[in-house]
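Engineer: could you look at this predicted model? Sequence included:
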Amino acid sequence: MPLVMDEKRYGQLLAEHLPAVIETDEEQDRLAEALMNLSIPPRVLTPEEKQLAALLGHLIDDYERRTSAKSAKRYSPVQRLKYLMSEHGLKQADLADIFGGQPVVSAVLAGKRSINLQHARKLSARFGLSIDAFLSA
């Protein structure tokens, strides 16, 4: 059953936090802090706070996705993959399902094997980037 939200209270929360599409690291920090304040210490959120937390989470995720994509453009496919692994805190074992095993991941990261079309498709889906981001020119 959907929660009943008080539109006036939700409007007050929006006015207080002014969430918008994030364009700078400072805006991201401000909204991340607001989101953290909603969840720490753990407590039961009102329907309005839940809605605000969801909105803030989407805005932060969108910004991180966009900035990761911009930063990744200057790299080769393997460098891009290493960068994304670092940004997402991933280890080689975390990508074994994409490459068909950790030895293949290791070989790709060492430059001994190329990222093939099947790998590029799976990486594209995993990181939300164009398939071209993982294919050599």
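Structural biologist: Looks like it came in fine.
Engineer: pull the helix or strand with minimum mean pLDDT from this protein.
Structural biologist: Between all helices and strands in the chain, the lowest mean by mean pLDDT, DSSP states H and E belongs to helix 47-72, at a mean of 84.
Engineer: so what touches the following helix or strand past that one?
Structural biologist: As assigned by DSSP states H and E, the chain's next helix or strand after helix 47-72 is helix 77-88. Contacts with helix 77-88, where a contact means Cβ atoms under 8 Å, 6 or more residues apart in numbering, come from 68, 71-72, 75, 90-91, 94-95, 108-109, 111, 114-115, 120, 123, 127, 133-136. For every residue, glycine as well, the C-beta is placed using N, CA and C.
Engineer: mark which of those residues are buried, thanks.
Structural biologist: Buried residues within the contacts of helix 77-88, counting neighbours by 16 or more other Cβ atoms under 10 Å: 68, 72, 90, 95, 108-109, 115, 120, 123, 127, 133-135.
Engineer: just the residues you listed: which are in helices?
Structural biologist: 68, 72, 108-109, 120, 123, 127 (DSSP state H).
Engineer: show me which pair in those residues is furthest apart.
Structural biologist: 68 and 108 (19.3 Å; Cβ to Cβ).
Engineer: picking up where we left off before, name the helices or strands packed onto the least confident helix or strand of the chain?
Structural biologist: In terms of contacts (3 or more Cβ pairs under 8 Å, 6 or more residues apart in numbering; DSSP states H and E), helix 47-72 is packed against helix 7-17, helix 25-39, helix 77-88.
Engineer: hey, C-alpha coordinates of the last one in PDB?
Structural biologist: By that I understand helix 77-88. Extracted in PDB, the C-alpha atoms of helix 77-88 (Å, rounded to 0.1, in the frame of the first residue of the first chain):
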ATOM      1  CA  PRO A  77      39.400   0.800 -23.000                       C
ATOM      2  CA  VAL A  78      41.700  -1.000 -20.600                       C
ATOM      3  CA  GLN A  79      42.600   2.200 -18.700                       C
ATOM      4  CA  ARG A  80      38.900   3.100 -18.600                       C
ATOM      5  CA  LEU A  81      38.100  -0.300 -17.100                       C
ATOM      6  CA  LYS A  82      40.800   0.100 -14.500                       C
ATOM      7  CA  TYR A  83      39.500   3.600 -13.700                       C
ATOM      8  CA  LEU A  84      36.000   2.400 -13.300                       C
ATOM      9  CA  MET A  85      37.100  -0.600 -11.200                       C
ATOM     10  CA  SER A  86      38.800   1.900  -8.900                       C
ATOM     11  CA  GLU A  87      35.900   4.300  -8.800                       C
ATOM     12  CA  HIS A  88      33.500   1.500  -7.900                       C
END
